[in-house]
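Visitor: Fold the following.
(chains A, B, C and D)
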2 protein chains.
Amino acid sequence: MTEPTATRPRRSDATRAAILRAARERFAAEGYDRATIRAIAADARIDPSMVMRYYGSKEGLFAAAAEFDLRLPDLADVPPNQLGEVLVRHFLDRWESDETMAALLRTAATNPGAAERIRAIFAEQVAPAVAQAAPADLPRRAGLFASQMLGLALTRYVLRLPPMVEMDRADLVAWVAPTVQRYLLGTPGA
Amino acid sequence: MTEPTATRPRRSDATRAAILRAARERFAAEGYDRATIRAIAADARIDPSMVMRYYGSKEGLFAAAAEFDLRLPDLADVPPNQLGEVLVRHFLDRWESDETMAALLRTAATNPGAAERIRAIFAEQVAPAVAQAAPADLPRRAGLFASQMLGLALTRYVLRLPPMVEMDRADLVAWVAPTVQRYLLGTPGA
DNA sequence: GTCTATAATTCGATAGAC
DNA sequence: GTCTATCGAATTATAGAC
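Guide: All right, here's what the predicted structure looks like:
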């Protein structure tokens, strides 16, 4: 009686998961064009044709691998004077624990579809979260916030500018949090 | 006597220039991988083999096309309280008048050589300029400055986040200049 | 479900005629 | 100096055996 009859045994979902894990790594490290289905399949220890069977095409695989949730906290619960610090810490955590965002960013530089996905994440996840905390000028504040957070990620994780790589978390938060704080709650002049 | 005998006539340098112009456009719009020699040659109205003849290889062509000078002003001449404004304006001007930087940034997302070039530009042009204006913590301040300026360029010119595209120059300068000002001259906390 | 074999493109690069 | 023709390699994707 070890056969699950109700929800179906989920036979060989391990293969799907292995493909997805390898795809995320390759896309993150090399971007869409340079990450080949052959290399991804080799990483996952399976045959390249299986990738096609499970995900239909390279684009389909990327779409599945680029699913991403920023897991932004409810900003209404955060004390206003700690908004910058909480957000910078959260983004550093997410960037360092999940390479999906790096894959998306690397790919979006040359792939219109991936750029559109980033715009969607911005519209569906970032902008609504900012709306819970900022008083007015919502799209603008969210955009400025994104410009600094993506610039941080770009220089630290993608371009690897030495000073940005070497700076530790505490210093990074100390310097960047006030910027985020001002973009969300401050005025242009101050 | 229309023949220049001394410095050599420079016959057909127009072709070289046309190739370079087309290459910059293609690399800027599509990045290194997707920009093909065939497409560049078609844009320049010449045969693909001429590209190889003049620049040896695709990498050689990119190296020639990615030569870039930020033309940073002497920051010692700028009143300290106007540093942020002057720098943000200057970078917006350079990004909008020369697509070479966009080509480099798009390519650097997946191409290690292009990323190395950006690090070189940072070390040879940005860091020394910042050193003329900032008091201490030089590499760190230069890195933070780069994170905001590249984040601005990334979201406005590459990813095209709607709020960042729609914001006009004056608003952009008003919001971002204080950030740059603090990174160069301020302290982490304020 | 998994793999072999291969079709159909596309690309960078080369050789050589004119 | 410019172009035609083509090579060799690599890629995505498909068809079908086991």
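
Visitor: so does the helix or strand hosting residue A:90 get close to chain B?
Guide: Taking DSSP states H and E as the criterion, residue A:90 maps to helix A:83-97. No: legend: contact between helix A:83-97 and chain B by Cβ under 8 Å from any Cβ of the partner chain is lacking; minimum distance shown is 11.3 Å. Where you see a C-beta, it was placed from the backbone N, CA and C, and this is true even at glycine.

Visitor: what does chain A put close to DNA strand D?
Guide: Within chain A, the positions lying close to DNA strand D (Cβ under 7 Å from any atom of the strand) are A:36, A:37, A:38, A:39, A:48, A:49, A:52, A:57, A:58, A:59.

Visitor: Just to be sure, which of those are found in helices?
Guide: Those of these mapping onto helices are A:37, A:38, A:39, A:48, A:49, A:52, A:58, A:59, per DSSP state H.

Visitor: List of residues touching the top helix by length along chain A?
Guide: Determined from DSSP H, the single longest helix within chain A is helix A:13-34. By Cβ atoms under 8 Å, 6 or more residues apart in numbering or on different chains, the residues outside helix A:13-34 that reach it are A:35-36, A:39-41, A:43-46, A:50-51, A:54-55, A:58, A:61-62, A:64-66, A:99-100, A:102-103, A:106-107, A:109-111, A:114, B:31, B:33-34, B:109-110.

Visitor: got the ones in helices among the residues of chain A next to DNA strand D as JSON lines, with neighbour count and distance to residue A:155 columns?
Guide: Output for these, formatted as JSON lines (neighbours: other Cβ atoms under 10 Å in any protein chain shown; distance: Cβ to Cβ, whole Å):
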{"residue": "A:37", "neighbour count": "19", "distance to residue A:155": "31"}
{"residue": "A:38", "neighbour count": "11", "distance to residue A:155": "32"}
{"residue": "A:39", "neighbour count": "17", "distance to residue A:155": "27"}
{"residue": "A:48", "neighbour count": "15", "distance to residue A:155": "35"}
{"residue": "A:49", "neighbour count": "10", "distance to residue A:155": "39"}
{"residue": "A:52", "neighbour count": "15", "distance to residue A:155": "36"}
{"residue": "A:58", "neighbour count": "17", "distance to residue A:155": "29"}
{"residue": "A:59", "neighbour count": "12", "distance to residue A:155": "29"}
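
Visitor: could you dump those residues to TSV with pLDDT?
Guide: Below are these laid out as TSV (pLDDT from 0 to 100):
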residue	pLDDT
A:37	95
A:38	94
A:39	94
A:48	93
A:49	93
A:52	93
A:58	93
A:59	93
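
Visitor: can you narrow those to ones near DNA strand C?
Guide: Okay, of these touching DNA strand C (Cβ under 7 Å from any atom of the strand), that's A:48, A:49.

Visitor: Backbone dihedrals for residue A:134, both of them.
Guide: Dihedral pair for residue A:134: phi -90, psi 150, per degrees, to the nearest 10.

Visitor: Ok, residue A:57 next?
Guide: Backbone geometry at residue A:57, expressed as degrees, to the nearest 10, gives phi -160, psi 170.

Visitor: Tell me how far residue A:75 lies from residue A:127.
Guide: 12 Å (Cβ to Cβ, to the nearest Å).

Visitor: More neighbours: which of these two?
Guide: residue A:127 (21 against 18; other Cβ atoms under 10 Å in any protein chain shown).

Visitor: Kindly export whichever strand or helix holds the more buried one (C-alpha atoms) in PDB.
Guide: Using DSSP H and E, residue A:127 sits within helix A:127-131. C-alpha atoms of helix A:127-131 as PDB (Å, rounded to 0.1, in the frame of the first residue of the first chain):
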ATOM      1  CA  ALA A 127       5.600  49.600  -6.400                       C
ATOM      2  CA  PRO A 128       2.700  48.200  -4.200                       C
ATOM      3  CA  ALA A 129       5.100  47.700  -1.200                       C
ATOM      4  CA  VAL A 130       6.400  51.300  -1.600                       C
ATOM      5  CA  ALA A 131       2.800  52.500  -1.700                       C
END
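
Visitor: Compute the number of surrounding residues for the closest residue to DNA strand C within chain A.
Guide: Residue nearest to DNA strand C within chain A (Cβ to the nearest atom of the strand): residue A:47, separated by 3.2 Å. Under the neighbour criterion other Cβ under 10 Å, residue A:47 is assigned a count of 12.

Visitor: Likewise for the one 4 residues further on?
Guide: Residue neighbour count, defined by other Cβ under 10 Å, stands at 24 for residue A:51.

Visitor: swap in the one 10 residues further on?
Guide: Other residues lying near residue A:61 total 21 when counted by other Cβ under 10 Å.

Visitor: what do you get for residue A:86?
Guide: Residue A:86: 19 neighbours (other Cβ under 10 Å).

Visitor: my read: it touches residue A:73, true?
Guide: Yes: in this structure, residue A:86 is within contact of residue A:73 by Cβ atoms under 8 Å, at 7.0 Å.
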